[in-house]
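> what's the 3D shape of this:
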Amino acid sequence: MKTTLLNPNRQQGMTYMTVVITMIVVGTMLAAYLSLVSVQGNLAMRSQNWNRSIPIVEAGVEEGFAHLNNNSTPDASGVVDVSKLVADGWSVSPYYVGSTTGPWVKWGYMDGDWYYVMIDSWDGTTNYFPTIMAASYVLQNDAFTGHRDHNYSVSMNGSSGSSAFLAAINPSQFPDLGAGSQYSRRLVSCGLTNNPIFVKAIVARHGIDINGNDVFTDSYDSRIPAYSTNGRWDSTKRRDHGDIASNDTVTNTINAGNANIYGRIATGPNGTISIGPNGKVGDIAWQNDGSSHGIKPGYSTDDMNVEFPDVVMPTNITWSAMPSGGTVGGVTYDYIFNSSGYYIKTSGDISGKILVTARDVKLRVDTGWSFTGNDGMLLGSNAAVKIYLNCASANISGNGIVNSNGTPDECYIFGTTRLTSLTLGGNGEMTSVIYAPYADVTLNGGGHGDDDFSGAIMANSFRFNGHYSVHYDEALARVGTWKGFTIISWNER
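Numbering: from 1, shown residues only. Okay, here's the model as predicted:
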């Protein structure tokens, strides 16, 4: 029998090779695992930084909104005083030094992070609306410790760029922190539009009751010659946006009677509409079609829900006594407002003849308003007035309020919580915007023409008695009083 012995050196060599290969495999796997952990840690920290940047950049957007909604309501000419930005801590972009319309920029700090917000160039008109652009600068977390290094600061670097009025973001106008910075940057651009208050001819908190015949609502546009004549309603250029609406949710919320509503009609949820045999609601084609009747399909809804905030009168000002009267152009007036300011009527009702020739006139009435017969208010061609009816009732009949300029936004009438009754009518016309959330409005039969009321009315309720027409000025959706701005686009990079 032969016995073969293995070579011990050979056996030891194989063991060594096995150990080496195993160590190489384990080491490679360990290195790969550590690399994976590192990558995952970096990705997690990057994700946290990226997510953290959202509330920071939103804070910048809110900063822009806060200014625009507080200071950017247009005046009677539709112009906004953008200079108020400086008073709120904004400054002109360093790339547009000397500009009077921006872009405007501002820094903000939040727990070690920063935002830089820009409101682009805007002249305050409604030809376009501004864009808010904001950048967040978030201090990065360390991938292994999770700590945030606060030893770095944000500094202004970058190069000149083109106009900031862009649909997308122009990063060159935002601070670039450069290589090695511990801050990550995220950019957002928000396109805006205004949110107007007066978008319909008549809006009621509660019911609308239309009695009598020859009652109608339609629309025009005082700023577009094709839809008005010298800024006034013209029956040959009438449009069909004379909408009426009520927030109420009860049966017979709106009694349209035999009225012709050149536009749409709306109630609150589950509210109902009644209409007489000769009443029509619809566009011009529907109104002109002798075979049509009632409400045109699709022209009524029950989804109305609009806010009626209380009127806030000017504060921290001194109200002056009513001005004296005089004779102008052979007409004797009881009061002549020939300079801007704040005026108050504290005893006796306002009546007689009133002339307003100045802009920015504020009139507060704590007693009452009673226009009858030949009483009336005349606004000159360059006049603008805001009337605060802080009284229980007001009757603006007689010759009404004649606006020489023809645009309703030259004359705003606000009813406070005290005003619960408002009567309109008489032989004269009225061109104004009325907001009286607690007043029950009565519209009595007008004169022989169809120029009874031009503008827009919001009130507690409405009752029509006889012939009366309301013409909504579509320009109020662009140059009238705003609720504030609304975002219509959100772009990130």
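
> which helix or strand in this structure has the lowest average pLDDT?
Between all helices and strands in the chain, the lowest mean by mean pLDDT, DSSP states H and E belongs to helix 84-87, at a mean of 66.

> ok, the next helix or strand after that one: who's next to it in the sheet?
Later in the chain than helix 84-87, the nearest helix or strand by DSSP states H and E is strand 91-92. Strand 91-92 has the following sheet partners, assigned by DSSP bridges: strand 104-110 (antiparallel).

> tell me the buried residues in the partner strand?
Neighbour counts over strand 104-110 (16 or more other C-beta atoms under 10 Å) mark Trp104, Val105, Lys106, Trp107, Gly108 as buried. (Glycine included, C-beta is placed from N, CA and C.)

> pipe these into a markdown table and attach distance to Arg238 and pLDDT per row.
Shown next, in a markdown table, are the buried residues of strand 104-110 (distance: C-beta to C-beta, whole Å; pLDDT from 0 to 100):
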| residue | distance to Arg238 | pLDDT |
| --- | --- | --- |
| Trp104 | 42 | 82 |
| Val105 | 46 | 87 |
| Lys106 | 46 | 88 |
| Trp107 | 52 | 86 |
| Gly108 | 50 | 86 |
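
> out of these, who's nearest Ile344?
If you rank the buried residues of strand 104-110 by distance to Ile344 using C-beta to C-beta, Trp104 comes first, at 36.4 Å.

> now the strands for the stretch 151-300 of the chain?
183-196, 202-204, 208-210, 215-220, 244-246, 254-255, 260-262, 265-266, 273-274, 280-282, 294-295, 300-301 (DSSP state E, counting those that start in this stretch).

> in CSV, list these along with mean pLDDT.
Shown next, in CSV, are the strands of the stretch 151-300 of the chain (pLDDT from 0 to 100):
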stretch, mean pLDDT
strand 183-196, 82
strand 202-204, 96
strand 208-210, 94
strand 215-220, 94
strand 244-246, 96
strand 254-255, 92
strand 260-262, 96
strand 265-266, 96
strand 273-274, 94
strand 280-282, 96
strand 294-295, 95
strand 300-301, 94
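
> relative to Tyr128, which of those strands is closest?
Of the strands of the stretch 151-300 of the chain, nearest to Tyr128 by C-beta to C-beta is strand 183-196, at 9.6 Å.

> just to revisit the earlier point, mind putting the strands of the stretch 151-300 of the chain in CSV, mean neighbour count and distance to Val92 included?
Formatted as CSV, the strands of the stretch 151-300 of the chain follow (neighbours: other C-beta atoms under 10 Å; distance: least, C-beta to C-beta, whole Å):
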stretch, mean neighbour count, distance to Val92
strand 183-196, 19, 19
strand 202-204, 27, 40
strand 208-210, 24, 49
strand 215-220, 24, 39
strand 244-246, 26, 43
strand 254-255, 24, 51
strand 260-262, 25, 47
strand 265-266, 25, 44
strand 273-274, 18, 53
strand 280-282, 25, 51
strand 294-295, 18, 53
strand 300-301, 16, 46
